[in-house]
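Engineer: model the following, please.
(chains A, B, C and D)
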Protein chains: 4
Amino acid sequence: MPTPPDLIRSAYAELIVTDLAAARWFYVDVLGLVITAERPGVLYLRAFEEYLHHSLVLREGAEPALRKLAYRVRRPGELEVARRYYAELGVPVRAVPAGDTLGIGEAVRLSDPLGFPVELFYAAEHTPRFTQRYDLHPGNALARLDHFNVVVPDVRAGHEYYTGLGFGVSETIEDTEDNLYAAWLYRKQTVHDIALTAGEGPRLHHIAFATRERAQILHTCDLLGALGREAMIERGPGRHGVSNAFYLYLRDPDGHRIEIYTSDYYTGDPDNPTVRWDVRDNRRRSFWGHEVVPSWYAEASTVLDLDGGPVPTRQPAVREATVTVGADGFGTADGANGFKLGNQA
Amino acid sequence: MPTPPDLIRSAYAELIVTDLAAARWFYVDVLGLVITAERPGVLYLRAFEEYLHHSLVLREGAEPALRKLAYRVRRPGELEVARRYYAELGVPVRAVPAGDTLGIGEAVRLSDPLGFPVELFYAAEHTPRFTQRYDLHPGNALARLDHFNVVVPDVRAGHEYYTGLGFGVSETIEDTEDNLYAAWLYRKQTVHDIALTAGEGPRLHHIAFATRERAQILHTCDLLGALGREAMIERGPGRHGVSNAFYLYLRDPDGHRIEIYTSDYYTGDPDNPTVRWDVRDNRRRSFWGHEVVPSWYAEASTVLDLDGGPVPTRQPAVREATVTVGADGFGTADGANGFKLGNQA
Amino acid sequence: MPTPPDLIRSAYAELIVTDLAAARWFYVDVLGLVITAERPGVLYLRAFEEYLHHSLVLREGAEPALRKLAYRVRRPGELEVARRYYAELGVPVRAVPAGDTLGIGEAVRLSDPLGFPVELFYAAEHTPRFTQRYDLHPGNALARLDHFNVVVPDVRAGHEYYTGLGFGVSETIEDTEDNLYAAWLYRKQTVHDIALTAGEGPRLHHIAFATRERAQILHTCDLLGALGREAMIERGPGRHGVSNAFYLYLRDPDGHRIEIYTSDYYTGDPDNPTVRWDVRDNRRRSFWGHEVVPSWYAEASTVLDLDGGPVPTRQPAVREATVTVGADGFGTADGANGFKLGNQA
Amino acid sequence: MPTPPDLIRSAYAELIVTDLAAARWFYVDVLGLVITAERPGVLYLRAFEEYLHHSLVLREGAEPALRKLAYRVRRPGELEVARRYYAELGVPVRAVPAGDTLGIGEAVRLSDPLGFPVELFYAAEHTPRFTQRYDLHPGNALARLDHFNVVVPDVRAGHEYYTGLGFGVSETIEDTEDNLYAAWLYRKQTVHDIALTAGEGPRLHHIAFATRERAQILHTCDLLGALGREAMIERGPGRHGVSNAFYLYLRDPDGHRIEIYTSDYYTGDPDNPTVRWDVRDNRRRSFWGHEVVPSWYAEASTVLDLDGGPVPTRQPAVREATVTVGADGFGTADGANGFKLGNQA
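Structural biologist: Modelled structure (predicted):
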């Protein structure tokens, strides 16, 4: 097997939205993302601590969908490494010239083995980093894109694919019959760049932006309430058992799910322990035992192939939602979770 | 009608608990209340900013129940005013000698027209106020008792009774057919000392303690998760439409409901506007549109009469829960709520 | 001595500013106050939880000064009570017709015995209360006017005057030689509506606005840094020993001092303990032992008489700054302060 | 030049303290560090999110000093890489057997070209990670060791040495005459693992621990005030211009300086922009323009050589403190800083 390309992190997503004005209201007016550039039918957005051209592209289209998940590679030469690597996997790779996506240099695109439209790039335009432009920060300022979360019928296969690319495994949801319900994998030194959840897929579950503190997430809820758009809050705020992150899930005007996320932990050491959650520990999804709303397990965004057609989906062998639902009352030993966080892979 | 006694605020509650050790774990070890005194079968607790002897008494008994709701009056002479006032209402009043409740001076007790065991007192022992004893404050430090919330079959009657006692009305939940589903009434300059909710009653819905900031409420959730007792979280954290408070509802080991509450607003001016919420505005109970769990509407604590027997309950004419439940999707005009907060009674 | 008028709280201040555009930038663009009305040369501002017409009036003039401190009375009839009360004190009172100040009803004005231009009023126009208009709240949203702080040569005399008006005394700074360096007095149920500090006076030390949480105060600092106007931060953020409030002091473009203030405590009970700080306890002004910048003790705003002329000042008998300065290293017993908060007056 | 060893992060420091009981009070009772192990005269401590054996070792001795700065390498083989690398630099390297430091495996020790006692290791015992043990977290819980900050006479030389080891440069303080006053360098994806400040050196300026949120830092101040130990607060809390971190500097009972630090930013991309601050921008050290206390520039801890003797110090060519002090009033263009954060190296 040849060397895999050196991916450094999840870098940007491109979503198809059916009403760009409505999407602009949600992502810019409500979430406060910064507009780097605007073209007919397309918006290029970034968060306040980001200096690359964009971390989210919104493109107007007929049906809501995921058009692209982009990872950044460590150096330009990794694109050639990627060509060889995917050729070996039997995955066709398309070369994309610089500027094909505004602000992004030469890249490669492929439909990955899990069925997702993925772009790899190194070169990108720099923009001012607004980390300290507090005069521009709203009460719910977003710091940076944190991760992607996808639904796949076979989490084990996804786990193999991403570990093959050199991703570390921070946490999993398993059972005692060796079923893998979900996995969190990372390249940058956080809990994840990509999460895999068992379900009908390939579909996009959500993309997540990080804030600095929890109060910024609470402000997003208050803001939606004040606007009478509280129905856009699907789940949370709450604390995840997995990742320890404080979370909030929103649905955008097209139903795309956005997570606002903060306070996970450092994973940069080579022996970072993998935390293995029992699917019956009702703190895995909500550390506070909150029930997970059915839509959160059932609904996700269609993904497109490289030619723009919807990728057909398959059903999973196992479903977390059928094994257990959120606050299911299954007991857990006091403090057990704290110790689990110290377990070895 | 004679002058009503001058009540200044909700002062303390006395709860019957079936396992004092379990209650002590919850109120002292988890919630961090300070123990002022301990007697066989009884605990006297206060929060960090309180200087009176206690704001909560836990008494061991056979069945969980509310034994007493106590209000403080402005001066000793108000006890005599109370005797005359209640005599006029045909409500028998019992004189209670100083020390009958540890740390509390001379008092009067009565079964109020709504069926609740109420004590009025002025004199009380002072204890050190731990406002700045940060060396004793846990991450979820409670500042003070904030209010009582009771379930009554006839909110309109309760509203009349408390306004007759000089309470102001900060907020209500109503409908267009002139039904009153809930009311918030105050003497101190916060949103309430007592709230009335329509339901089978008289029963105690909850007692609430205030924290300084929201993060202290979030820490209580994290703490219960860490202890594997996340099932004690019944509802929240969230933001109330009514009162604007950030809230969390817990159930103690006996099922008594405790609210942790912060960031309501000043109501001390005589013309403080009453905010009237439409029962169909799904932001009234959760400004973020969260569904209210059925137990929150259905369950409440038995109240005792002055002789310690359970007070029989009656069913309400109207029930909020049957008219609408939580995140019911009824639309509300953008920003409408903000303006409602400025409406006049 | 006749009955004093029933003042309920500090209600609004009127400041003379030399450049209204600069003042507008500071109070509206930076601090986020809401503009209720605007007239040539005058701005009427309020904070997000206020429903009266304004809590701050900015009037353009030749020299920076305090033109008015206004207290609200409990009912219209209190204005007549005030006339009789001040007549007895030999203080002339001027009747002011409704509308003389935009949004304010009939009032009386007087030069109080301490030399300050004071207005008493009951009637005022109501405006929408923006408590829940989170769509309008910046990251440093101000909730309400909290108090006035004035410099007087004789704190003892000021203490007598305000207690004569029925104000409670929450805290003081004293020494063992019976000198009174500062006093905090209240009508509403917070630590103060007015604070008196010994120094060359009468002058206005500052007016304070309350926020809900400390992070909102920190955001004001970040905002000023981002704007390159960090020099407007005179002192703080920090924690006061007195009041326990988390504070920040700013100087507006004319040098008027504004405090942003949060998390003091409830004082509504009749026997609320007075906390007496020793002038040598270096935690009294900064609980964290921070040195107090000299300008904070030395500088204050000129006050005007009812005819608009500057009121001459006198020097104090004692000065806190000369007795001790901020983090002066005088030891204090561990935890002593916590207990002081429980001491009796 | 041979390949440098692959250092992944600053891992632990070992300090000599003169009174272990006093140090234990400060680091364990006040700062809340977890005791992993205790030996006669030695304490091994870690923060709540750390799973390696320790991040701080306190060893009782006659004089306060720094005994060791330890970096973790990516794999065991890097120790041999280090031997070759330092041999080439003419720096003697000592092999240290596993267990020489409790909980740490085989290591190498050297006196680095800047004069600091440095240890490199890979193997270390794992301990439970208390990320979610909220039942053990105080209000000021520390998450992990973040960085070391050292004083050196020649920052340029230190910059060359660390970039030679593959460290990235996140920020600097410079002037227009090409003087380098300070530099921040990183291996993990934060602003730094090591900072270099110009001054009499080699000396240790401070070691820093990270918290999740700012309120946890404020609680440390409140806690010290409550204990009457507020004099241990040397500087802050405040916001650094450099790194954007919210900071607090404490002095331990021996005078060792500890920083509590939160909310810097992600630096993991290869082209992460270096932020170059002008030494005359008074926001570089305090984004809020606070004056830096003289002791902060003047005082630092003695460092020991490998044989335990104090390393002689040299004076620097330039001193930041003499060029400018903190809030020096030099103007900066509005918002300029925000844009600086986007500048390229």
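Engineer: burial measure for the residue of the stretch 101-250 of chain A found nearest chain B, as a count.
Structural biologist: Residue nearest to chain B within the stretch 101-250 of chain A: A:Glu230 (3.4 Å; C-beta to the nearest C-beta). No exception for glycine: its C-beta is placed from N, CA and C like everyone else's. By other C-beta atoms under 10 Å in any protein chain shown, 24 other residues sit near A:Glu230.
Engineer: which pLDDT value belongs to it?
Structural biologist: Reported pLDDT at A:Glu230 in the predicted model: 97.
Engineer: list the contacts for it?
Structural biologist: A:Glu230 is in contact with A:221, A:224, B:282-283, B:286-289, B:327, counting by C-beta atoms under 8 Å, 6 or more residues apart in numbering or on different chains.
Engineer: same question for A:Ile194.
Structural biologist: The contact partners of A:Ile194, taken as C-beta under 8 Å, 6+ apart, are A:10, A:147-150, A:162, A:167, A:184-186.
Engineer: try 10 Å this time
Structural biologist: Residues counted as contacts of A:Ile194 (C-beta atoms under 10 Å, 6 or more residues apart in numbering or on different chains) are A:7, A:9-10, A:69, A:71, A:114, A:116, A:147-150, A:158, A:161-162, A:165, A:167, A:183-187.
Engineer: do the same with A:Leu250
Structural biologist: Contacts of A:Leu250 by C-beta under 10 Å, 6+ apart are A:26, A:30-31, A:206, A:220-221, A:224, A:229, A:232-236, A:256-260.
Engineer: and A:Gly255, by the same measure?
Structural biologist: A:17-18, A:64, A:234, A:295, A:299-301.
Engineer: so what are the structural domains in chain A, by residue number?
Structural biologist: Using the TED database, the domain parsing of chain A gives A:7-127, A:138-325.
Engineer: any idea of the mean pLDDT for the first one?
Structural biologist: This points to domain A:7-127. Mean predicted lDDT for domain A:7-127 stands at 98.
Engineer: first to last residue in that domain, what's the distance?
Structural biologist: In domain A:7-127, first residue to last residue: 22 Å (C-alpha to C-alpha, to the nearest Å).
Engineer: quick one: is it near chain B?
Structural biologist: No - Domain A:7-127 stays clear of chain B (C-beta under 10 Å from any C-beta of the partner chain), getting no nearer than 11.2 Å.
Engineer: so what's the gap between that domain and the chain middle?
Structural biologist: The chain centroid and the centroid of domain A:7-127 are separated by 13 Å under C-alpha atoms, centre = their mean, to the nearest Å.
Engineer: any residue of it up close to chain D?
Structural biologist: Yes - for domain A:7-127, a contact with chain D is found by C-beta under 10 Å from any C-beta, at A:8-9, A:11, A:48-52, A:72-75, A:122-124, A:126-127.
Engineer: can you classify A:Val57 by secondary structure?
Structural biologist: Judged by DSSP: H, G, I helix; E, B strand; the rest coil, the three-state class of A:Val57 is strand.
Engineer: that older thread, return the subset of the residues of domain A:7-127 next to chain D lying in strands.
Structural biologist: Under the assignment DSSP state E, the residues of domain A:7-127 next to chain D contribute A:8-9, A:11, A:72-73 to strands.
Engineer: which ChimeraX command selects the buried ones in those?
Structural biologist: Filtering those down to the buried ones (16 or more other C-beta atoms under 10 Å in any protein chain shown) takes a single ChimeraX command:
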select /A:8,9,11,72,73
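Engineer: centroid residue for chain A?
Structural biologist: Using C-alpha atoms, centre = their mean, the residue of chain A that lies closest to the mean C-alpha position is A:Phe148, 1.4 Å off.
Engineer: say whether chain C is contacted by the helix or strand encompassing that residue.
Structural biologist: In the assignment (DSSP states H and E), A:Phe148 maps to strand A:144-152. No - if you take C-beta under 10 Å from any C-beta as the test, strand A:144-152 misses chain C, and the best it gets is 17.8 Å.
Engineer: just how off-centre is stretch A:200-210 within its chain?
Structural biologist: Mean-position distance between stretch A:200-210 and its chain equals 5 Å (C-alpha atoms, centre = their mean).
Engineer: that stretch close to chain D?
Structural biologist: Yes - for stretch A:200-210, a contact with chain D is found by C-beta under 10 Å from any C-beta, at A:Ala210.
Engineer: so the nearest residue to A:Thr127 once chain neighbours are set aside is in which element?
Structural biologist: Leaving aside its sequence neighbours, A:Thr127 sits nearest to A:Thr36 (C-beta to C-beta, 6 or more residues apart in numbering or on different chains; 5.4 Å). Taking DSSP H and E as the criterion, A:Thr36 maps to strand A:34-39.
Engineer: helix or strand next in line after that strand, which one?
Structural biologist: Assignment by DSSP H and E places the next element after strand A:34-39 at strand A:42-46.
Engineer: my guess is the residue nearest to the centre of chain A contacts A:Ser10, does it?
Structural biologist: Yes - counting by C-beta atoms under 10 Å, A:Phe148 touches A:Ser10, with 5.2 Å between them.
Engineer: next, show the common contact partners of these two.
Structural biologist: Residues touching both A:Phe148 and A:Ser10 (C-beta under 10 Å, 6+ apart): A:69-71, A:192-194, A:207-208.
Engineer: quick revisit: can I get the buried part of the residues of domain A:7-127 next to chain D as one ChimeraX selection?
Structural biologist: Those of the residues of domain A:7-127 next to chain D that count as buried under 16+ other C-beta under 10 Å are selected in ChimeraX with:
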select /A:8,9,11,48,49,50,51,52,72,73,74,122,123,124,127
